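J.: Sharing a model that was predicted from the sequence below.
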Amino acid sequence: MQTMTKLTDDQLVSAYAKGDNKAFDVLLRRHQTRVFSYILHIVKNKDVADDIFQETFVKAITTIKQGRYTDSGKFTAWISRIAHNLIIDYYRQEKAENTVSSDDAQSDMFNRRDLCDDNIEDRMVTGQIHDDIRRIVHALPDTQREVLLMRYYRNMSFKEIADATGVSINTALGRMRYAILNMRKIASDNNIVLTT
């Protein structure tokens, strides 16, 4: 590990792409303060910044593992660009969620399904979706299920998950990524629709 800290960012990316997980741990430690500070400076909300920060490194892991990282010699600029794009996505989503169109004078903007009380059919469909999700989560490998439950049901950060499970943040992020991929595959293989 001592010699690994002397490697350049691109050497660490190359080592990680070849399967050396400790290389990514060094990259994460090297850049986490700068990237998190950048995100927090823009979004001004620690919880949102934490989510975007974690998503940034999940995206970096995915890109490197898929062999799509181009060796430009500027890892810092690359990881910052990922964070920047995710911040833009966050604000676009916020804007879309807060936009109410009143273009159609015929429609009553309060006559929307999402503002109405659930009827019995909605409750049955929602109950079925929850049952399906429980079955899919139960079908995951133990390590993936553990990370998923800690993240989504106990609202733990990836650092807290890593500390609680005794693994690196990189490993916790990877397990979450594989849990989500596996859930999608299980749902697809079994023709399960998880939306109303």
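T.: That came through, no problem.
J.: All the helices of the protein, residue numbers only.
T.: Applying DSSP state H to the chain gives helices spanning 9-17, 21-43, 46-65, 75-98, 120-139, 142-152, 158-165, 169-189.
J.: how near is residue 64 to residue 19?
T.: The gap separating residue 64 from residue 19 is 11 Å, by C-beta to C-beta, to the nearest Å. From N, CA and C alone the C-beta is placed, and that goes for glycine too.
J.: Compare those two (neighbour count), which wins?
T.: For residue 64 versus residue 19, neighbours defined as other C-beta atoms under 10 Å are more numerous around residue 64 (19 against 8).
J.: Tell me who's in contact with the more buried one.
T.: 13, 16, 17, 24 (C-beta atoms under 8 Å, 6 or more residues apart in numbering).
J.: where in the chain is pLDDT low?
T.: Along the chain, the parts satisfying pLDDT under 70 run over 1-2, 71-73, 98-125, 194-196.
J.: Domains of it: list them as residue ranges, please.
T.: As recorded under automatic domain parsing, the domains making up the chain are 1-98, 119-196.
J.: centre of the chain versus the first one, how much separation?
T.: What separates the centre of domain 1-98 from the centre of its chain is 12 Å, taken as C-alpha atoms, centre = their mean, to the nearest Å.
J.: before we move on, what about stretch 166-177?
T.: For stretch 166-177, the distance to the chain centre is 12 Å (C-alpha atoms, centre = their mean).
J.: from now on call the first residue 14
T.: That works, and once the first residue is 14, the last one we named lands at stretch 179-190.
J.: Now it: buried residues?
T.: By neighbour count with 16 or more other C-beta atoms under 10 Å, stretch 179-190 contains the buried residues 180, 181, 182, 183, 184, 185, 186, 187, 188, 189, 190.
J.: how about those residues in CSV, adding distance to residue 42?
T.: Converted to CSV, those look like this (distance: C-beta to C-beta, whole Å):
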residue, distance to residue 42
180, 15
181, 10
182, 9
183, 10
184, 14
185, 14
186, 14
187, 16
188, 19
189, 19
190, 20
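J.: quick one: the residue lying closest to residue 145 once chain neighbours are set aside and residue 90, what's the gap?
T.: Closest residue in space to residue 145, ignoring its immediate chain neighbours: residue 205 at 5.0 Å, by C-beta to C-beta, 6 or more residues apart in numbering. Separation of residue 205 from residue 90 (C-beta to C-beta) stands at 41 Å.
J.: quick revisit: need the helices of the chain in a markdown table with distance to residue 16, can you?
T.: Shown next, in a markdown table, are the helices of the chain (distance: least, C-beta to C-beta, whole Å):
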| stretch | distance to residue 16 |
| --- | --- |
| helix 22-30 | 11 |
| helix 34-56 | 10 |
| helix 59-78 | 21 |
| helix 88-111 | 18 |
| helix 133-152 | 40 |
| helix 155-165 | 29 |
| helix 171-178 | 23 |
| helix 182-202 | 18 |
